[in-house]
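task: produce atomic coordinates for the following.
(4 chains)
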Protein chains: 2
Amino acid sequence: MNLIEINKALSNQVRIDILHWLKDPEKNFPPHKELGHFNFGVCLVFIKNKADLSQSTISQYMAQLQNVGFVTATRLGKWTYFKRNEENIENYIQQLQKEL
Amino acid sequence: MNLIEINKALSNQVRIDILHWLKDPEKNFPPHKELGHFNFGVCLVFIKNKADLSQSTISQYMAQLQNVGFVTATRLGKWTYFKRNEENIENYIQQLQKEL
DNA sequence: ATAACAAATCGGTAATTATAGATTTATTAT
DNA sequence: ATAATAAATCTATAATTACCGATTTGTTAT
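Next comes the predicted model:
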């Protein structure tokens, strides 16, 4: 949970957008027909479609957001679902408040 | 005052360090003998010495921090003094809190 | 006006990041 | 087993960033 690494993750518009979309899946993504809910977050295909970037790029972006602890990934069958980790996001803001 | 631009400015360790040092000039820098105070902040030479990077690099870094509104620059004679803009820094954190 | 020095700007190179396509590794349905 | 599909990983290229040295621009002291 390094501040610089997090700031790097947040210095790209697409990754910021993704985090923002994940705040309200119902509003920003079509429903998961397999699952019927967003309890585990949103599957990568939907994020990719919304961001309009390649699968590999989005997969890498999500890995970066995972690495800094801002999202969790849950694999269910073929799909991986990504969900914000609110606690870590808040902690980061706290840390920023202190150290900045 | 763009979020991404600010995050970029904050994704470099040296710039983060500088912002941190500027929080407490008395503690982090030798006294300004010309001026006798840090009311306008800290002069570039001192920041450069502390960061141990070239004059041009530090000048550029300070310009970046200025561009995002995190420091103000005051030229007095030959020297330019840099001071944190606490209001803008706080605003940024607020904005982050909302948009993230 | 000239010398001296601080800071800004310009032009360059090495390192890093953004992004893609191809390949590989799950996982499920036939 | 095989085909189909989702996601991760590997390799590559273009764009951006991290610096630096050289030059220019301000400012002050001679």
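
so does stretch A:19-38 get close to chain B?
Yes - judged by C-beta under 8 Å from any C-beta of the partner chain, stretch A:19-38 and chain B are in contact via A:19-20. Placement of C-beta: from N, CA and C, glycine included.

so what are the sheet partners of the host helix or strand of A:Arg75 and their directions?
Using DSSP states H and E, the element containing A:Arg75 is strand A:71-76. Sheet pairing of strand A:71-76 (DSSP bridges) gives strand A:79-84 (antiparallel).

touching, A:Asn88 and A:Gly69? I think so.
Yes - taking C-beta atoms under 8 Å as the definition, A:Asn88 is a contact partner of A:Gly69 at 4.1 Å.

tell me, what's touching those two both at once?
Common contact partners of A:Asn88 and A:Gly69 (C-beta atoms under 8 Å, 6 or more residues apart in numbering or on different chains): A:Met1.

picking up where we left off before, the strand holding A:Arg75 near DNA strand C at all?
Yes - with C-beta under 7 Å from any atom of the strand as the criterion, DNA strand C is reached by strand A:71-76 at A:75-76.

what does stretch A:34-53 give?
Yes - for a cut-off given as C-beta under 7 Å from any atom of the strand, stretch A:34-53 has contacts with DNA strand C, namely A:Leu53.

dump the C-alpha coordinates for that stretch into PDB.
Listed next in PDB are the C-alpha coordinates belonging to stretch A:34-53 (Å, rounded to 0.1, in the frame of the first residue of the first chain):
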ATOM      1  CA  GLU A  34     -25.900 -15.500 -15.100                       C
ATOM      2  CA  LEU A  35     -25.700 -14.100 -11.600                       C
ATOM      3  CA  GLY A  36     -28.600 -11.700 -11.200                       C
ATOM      4  CA  HIS A  37     -26.700  -9.300  -8.900                       C
ATOM      5  CA  PHE A  38     -23.500  -7.300  -8.500                       C
ATOM      6  CA  ASN A  39     -22.500  -8.700  -5.100                       C
ATOM      7  CA  PHE A  40     -19.100  -9.600  -6.300                       C
ATOM      8  CA  GLY A  41     -18.700  -6.500  -8.500                       C
ATOM      9  CA  VAL A  42     -18.700  -6.300 -12.200                       C
ATOM     10  CA  CYS A  43     -17.300  -8.800 -14.700                       C
ATOM     11  CA  LEU A  44     -14.300  -7.800 -16.800                       C
ATOM     12  CA  VAL A  45     -16.200  -8.100 -20.200                       C
ATOM     13  CA  PHE A  46     -18.600  -5.400 -19.100                       C
ATOM     14  CA  ILE A  47     -15.800  -3.100 -17.900                       C
ATOM     15  CA  LYS A  48     -13.900  -3.700 -21.200                       C
ATOM     16  CA  ASN A  49     -17.000  -2.900 -23.300                       C
ATOM     17  CA  LYS A  50     -17.700   0.300 -21.300                       C
ATOM     18  CA  ALA A  51     -14.100   1.500 -21.500                       C
ATOM     19  CA  ASP A  52     -13.800   0.500 -25.100                       C
ATOM     20  CA  LEU A  53     -10.300  -0.800 -24.800                       C
END
